[in-house]
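Participant: predicted model, plus sequence, below.
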Amino acid sequence: MTLPFPFPREHNWPPFFTPQPNTTTRQDQLRKWSDLIQSWCRHHRQYRLSLIEAVESPLFHNATLRKRLDIREARAVVDWMTKSEEEGGGGRRAEWIPDAGGGSSSGVMGSAQGQGPRTVAWIWWKRPEEWADLLVEWVEGTGQRGSVLTVYELIQGEGTMSQEFHGMDTDVMLRSLSVLVKRGKAQIFGGEGQEGVKFF
Amino acid sequence: MFFKALDLTTALRPLLLPDETLLFVQDAVGLYEGKYKIQNYQNGHAYLTSHRVCYVATEDPRKYSVAIDLKEIDRVEYQASFLKSSPKITIHPRPQKNKADKSRSATASPAVFQQSALHSTQSLSTLPQSNIPQGPLSPKSINATWICPICSFSNPVPSNFDPATASAATHLPPCLACGIKPPFTTVLKAAISAATSRDSPLPLIASPAISHSIPQPSSVASPGPGGSVSCPRCTFVNHPSLTECEMCGAPLLSAGSSANANRVDSPAPFFEQSHIANTEVSESIKLSFRAGGEKTFHERLKGALVQRKWLLQNAPPVPPPSQATFSPGLPSAAAAVESPVPSTPRSSGVGIAGLERRGLEARKKNELVIGNAFEDLGALMASAKQIVALAETLAQESGMTSSEGSAETSAVLSESAAALGMVTTKDMLSSGSESLYLSELARDLAEYLTDDRKGILQREGGIMSLIDLWAVFNRSRNGVELASPSDFQKAAELWEKLKLPVRLRRFKSGLLVVQRYDWSDEKTIEKIQDWMEELRRIPPEDVVPWDWSLFGRAVTAQEAAHRFKWSVGVAAEELEMAEDRGILCREEGIEGLRFWRNYLSDPISDNLSRLGI
């Protein structure tokens, strides 16, 4: 976290901040922004991105160029990231979090995904499925199949210090575990905040 | 008369000689030689100029275009349309000097004209056949001559005269020199002796007995020492390159020069040739007008033949009527009248008074020129040169006073006043042929654009908007016969169809521009990419936060316009075109719209940035 984030060279290039009218160029531009946002979040171990905060961060605001991606444009980029590649999007690398943060009264627009204020989004620099694979790998690698672990242990425990999911957002961990539950490889039990998980 | 090769302009029109003016244009014209259609010359434009009649084929005009000088035309005949036959104009050639004996006789008496016509048809009949060189023996009894007993002039035996069937009642043409009808036996003997000499396989040396009474038209002249040829009739030893005897005019057919000699009698079989330029026209040629216009063409052709403008081709300009007031002091006044007339001594006036007097003199002079010009039409024609020169000077002067931005355009304008000669006006075309007017206007425009002297397209960087062109073109017409915007656009749309070297192009925004036909987006893009590369090598003047050695610098439409000499509108369109192709990308900011090389889609920088992540 101490190292400064290595920005790609495009970030220091004025046209990067102007929405391109040419469709092909626009796709490339969005892809580059998507890559940038993902690597930014990964570098900062950030799982959710609040656009309102981010537009003032160096991610969307290049002070030397005096160029910024305003919130409307940033939203367009994240919107593109939420779409699957088949829809011409960025492969579901982001997901809007309804009614999260923001603080504004939503619900009028409906609670469907992508609606509402659309200011906070999960940034899936690893998708829950990918996290699940990582977990399974770790469980099998450490011979803990059949054992019971708490979610807290998974995230903060000493045994996972070397793993990438150490210090992960609890919600993301639960999303990843639920993927494993669906696959029949784990079972979650326990109440809110006290979840335990058993790997099969 | 010859079919001459024709130089074409870039707009595929005849290249006019100095002082030559275009009088009339008609499309859908076919060319005939005598009675026969000439292959490949059946659909084209006929251009009547003050010096020539030109034919330019619609298909492959560079190959199939010929011209006939008016000075070689003897007379023209008009033939109205009849049933399915289109109206035609027959052009009869002026007799040539080297065919003196036949041609002169053709004009001498009408009775003999019939005979020479027979000659022509006879020679023509060989035309559609193969181009096998004809041996000296094969032509029918052209060589047969009979000698008039009265004046001893040797006359040719009529080609239709057959000794086998002829009787005393056969009509015989009179002697060409004295006009007395020959006795039948004289002609018969001449014909028979000619026939026998033709039938014999070996070339005969004329026996003295026969050559006394009857001229022996031997087919082969005996080559003398040193290659000289002795005449079979009078035994005069001629130079080998002569085709007719210098003394008696008898045809010389030496074995060595038989091919050349043959050409004289019957023109080259050019029906076999796809290209008739520089071939001789033995008989009349016809222009067949399949789409009308023949009456005007005929009238103007007659007018041009009467006017004989070609005589003036190298004539000195008309001297100015008044030389006393002419002052060389003012350069514009000197330029106003180009005349080699020695000028009067410089007026002694100095200072402002002198200048004023000179100005007054110049004005008086101009007044006089204009006054003379409008006195009557004839005087106007005579003063045309001066008037054009004056107009040029006035245009130049007005160009000086206007803002410097348009100085260049004004210069173009004033220079193009000289183009007055080569503009098609509706007057030149028969009424009702709108399409012809448009196509001629399209050609005018193409010529105007590609003319190297004016170089309008070059000046504008090879591309200019149609509206600019319309303005410049109409101004260059000096207010007469202006082209209407709709005609103008229609004409511009015809360029592609007419295969002219300019093209009309519509940009995405609807802007219409004019450009050379070989101008392509690829070329533009190449130029822009070169420029972008250059920008990567040259460090920017100010310190820039980005990596200029990788990204270069942004360019605006103004900069592009300046660099490529385009107008700003065109430059903006071209940059957007490059953006459309993914070559450039844009940056919108408070400085305005700027364009960069597209590194977003560039695979090389793509890899770099991925490594960076």
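Facilitator: Received, thanks. Residues are numbered from 1 along each chain as shown, chains lettered A, B, ... in the order given.
Participant: distance of residue A:130 relative to chain B?
Facilitator: Distance of residue A:130 to chain B, given as C-beta to the nearest C-beta, to the nearest Å: 17 Å. Quick note: C-beta positions are derived from backbone N, CA and C, even for glycine.
Participant: one more: residue A:78?
Facilitator: For residue A:78, the distance to chain B - C-beta to the nearest C-beta - is 18 Å.
Participant: show me the contacts for that residue.
Facilitator: Residue A:78 sits next to A:37, A:49, A:51, A:94, A:96, A:118, A:121 when contact means C-beta atoms under 8 Å, 6 or more residues apart in numbering or on different chains.
Participant: try residue B:599
Facilitator: Applying C-beta under 8 Å, 6+ apart to residue B:599 gives the contacts A:10, A:13, A:15, B:550, B:551, B:585, B:605.
Participant: what is the neighbour count of the second one?
Facilitator: Other residues within reach of residue A:13, judged by other C-beta atoms under 10 Å in any protein chain shown, total 24.
Participant: how much space between it and residue A:65?
Facilitator: In this view, residue A:13 and residue A:65 are 8 Å apart by C-beta to C-beta, to the nearest Å.
Participant: could you name every residue contacting both of those two?
Facilitator: residue B:546.
Participant: which SS class is the residue lying closest to residue A:163 once chain neighbours are set aside?
Facilitator: Leaving out its chain neighbours, the residue that sits closest to residue A:163 by C-beta to C-beta, 6 or more residues apart in numbering or on different chains is residue A:138, at 5.7 Å. Put simply, residue A:138 is helix when judged by DSSP: H, G, I helix; E, B strand; the rest coil.
Participant: can you report how many residues neighbour residue A:138?
Facilitator: 18.
Participant: ok, residue B:234 to residue B:243 distance?
Facilitator: On the measure of C-beta to C-beta, residue B:234 and residue B:243 end up 15 Å apart.
Participant: what's the answer for residue B:2, then?
Facilitator: Distance from residue B:2 to residue B:243, by C-beta to C-beta: 17 Å.
Participant: does residue B:156 have beta-bridge partners, and which?
Facilitator: residue B:145 (DSSP bridges).
Participant: who in the stretch 351-500 of chain B is up against chain A?
Facilitator: Counting by C-beta under 8 Å from any C-beta of the partner chain, no residue of the stretch 351-500 of chain B lies close to chain A.
Participant: how about the closest residue to chain A within the stretch 351-500 of chain B, nearest residue that isn't a chain neighbour?
Facilitator: Of all residues in the stretch 351-500 of chain B, residue B:463 sits closest to chain A, at 22.1 Å by C-beta to the nearest C-beta. Excluding its sequence neighbours, the residue lying closest to residue B:463 (C-beta to C-beta, 6+ apart) is residue B:515, at 4.3 Å.
Participant: what about the residue lying closest to residue A:184 once chain neighbours are set aside, how many neighbours?
Facilitator: Distance criterion C-beta to C-beta, 6+ apart; nearest residue to residue A:184, sequence neighbours excluded, is residue A:200 at 7.0 Å. As a burial measure, residue A:200 scores 11 neighbours (other C-beta under 10 Å).
Participant: was I right to think residue A:200 contacts residue A:183?
Facilitator: No: the criterion here is C-beta atoms under 8 Å, and residue A:200 misses it with residue A:183 at 9.6 Å.
Participant: could you pull out the helices in chain A for me?
Facilitator: Here chain A has its helices, by DSSP state H, at A:23-43, A:51-54, A:71-82, A:128-141, A:151-156, A:170-183.
Participant: can you tell me which of the ones you listed is nearest to residue B:499?
Facilitator: helix A:23-43 (35.0 Å; C-beta to C-beta).
Participant: which strands or helices does that closest one pack on?
Facilitator: helix A:71-82, strand A:120-123, helix B:603-612 (3 or more C-beta pairs under 8 Å, 6 or more residues apart in numbering or on different chains; DSSP states H and E).
Participant: what's the shortest one in contact with?
Facilitator: Put plainly, it is strand A:120-123. A:37-38, A:41, A:46-51, A:78, A:81-82, A:93-97, A:100-102, A:172.
Participant: just the buried ones out of those, please.
Facilitator: A:37-38, A:41, A:46-51, A:78, A:81-82, A:93-97, A:100, A:102, A:172 (16 or more other C-beta atoms under 10 Å in any protein chain shown).
Participant: any stretches of chain A with poor pLDDT?
Facilitator: Chain A contains residues with pLDDT under 70 at A:1-2, A:99-117.
Participant: report the central residue of it.
Facilitator: residue A:123 (1.9 Å; C-alpha atoms, centre = their mean).
Participant: excluding covalently adjacent residues, which one is nearest to that one?
Facilitator: That would be residue A:41: by C-beta to C-beta, 6+ apart, it lies 4.4 Å from residue A:123.
Participant: on that earlier part again, now do the contacts for the residue of the stretch 351-500 of chain B closest to chain A.
Facilitator: So residue B:463 contacts B:457, B:513, B:514, B:515, B:519, B:566, B:570, B:574 (C-beta under 8 Å, 6+ apart).
Participant: from residue B:441, how far off is it?
Facilitator: 20 Å.
Participant: same check, this time on residue B:73
Facilitator: 29 Å.
Participant: the two: who's more crowded?
Facilitator: Using other C-beta under 10 Å, the more surrounded residue of residue B:73 and residue B:441 is residue B:441, with 24 against 20.
Participant: tell me which element the more buried one falls in.
Facilitator: helix B:434-450 (DSSP states H and E).
Participant: alpha carbons only: can I get that helix in CSV?
Facilitator: Presented in CSV, the C-alpha positions along helix B:434-450 are these (Å, rounded to 0.1, in the frame of the first residue of the first chain):
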residue,chain,number,x,y,z
GLU,B,434,-29.4,20.5,-71.0
SER,B,435,-27.3,17.4,-70.5
LEU,B,436,-24.8,18.5,-73.1
TYR,B,437,-24.6,21.9,-71.4
LEU,B,438,-24.0,20.2,-68.1
SER,B,439,-21.3,17.9,-69.4
GLU,B,440,-19.6,20.8,-71.1
LEU,B,441,-19.8,22.8,-67.9
ALA,B,442,-18.3,19.8,-66.1
ARG,B,443,-15.4,19.8,-68.5
ASP,B,444,-15.0,23.5,-68.2
LEU,B,445,-14.7,23.1,-64.5
ALA,B,446,-12.3,20.3,-64.7
GLU,B,447,-10.1,22.2,-67.0
TYR,B,448,-10.4,25.3,-64.9
LEU,B,449,-9.4,23.3,-61.8
THR,B,450,-6.5,21.3,-63.3
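Participant: quick check: mean pLDDT of it?
Facilitator: Taken as a whole, helix B:434-450 has an average pLDDT of 80.
Participant: buried ones in it?
Facilitator: For helix B:434-450, by 16+ other C-beta under 10 Å, it's B:436-450.
Participant: quick one: list the elements packing against that helix.
Facilitator: Against helix B:434-450 (3+ C-beta pairs under 8 Å, 6+ apart) you get strand B:22-33, helix B:456-459, helix B:466-476, helix B:485-493, strand B:502-506.
Participant: re the thing from before, the residue nearest to residue A:184 and residue A:174: what is the separation?
Facilitator: Applying C-beta to C-beta to residue A:200 and residue A:174 gives a distance of 18 Å.
Participant: ditto for residue B:48
Facilitator: 95 Å.
Participant: same check on residue B:29?
Facilitator: 90 Å.
Participant: what about those two, which has more around it?
Facilitator: residue B:29 (28 against 17).
Participant: ok, now which ones touch that one?
Facilitator: Contacts of residue B:29 (C-beta under 8 Å, 6+ apart): B:43, B:44, B:45, B:46, B:55, B:287, B:288, B:289, B:290, B:291.
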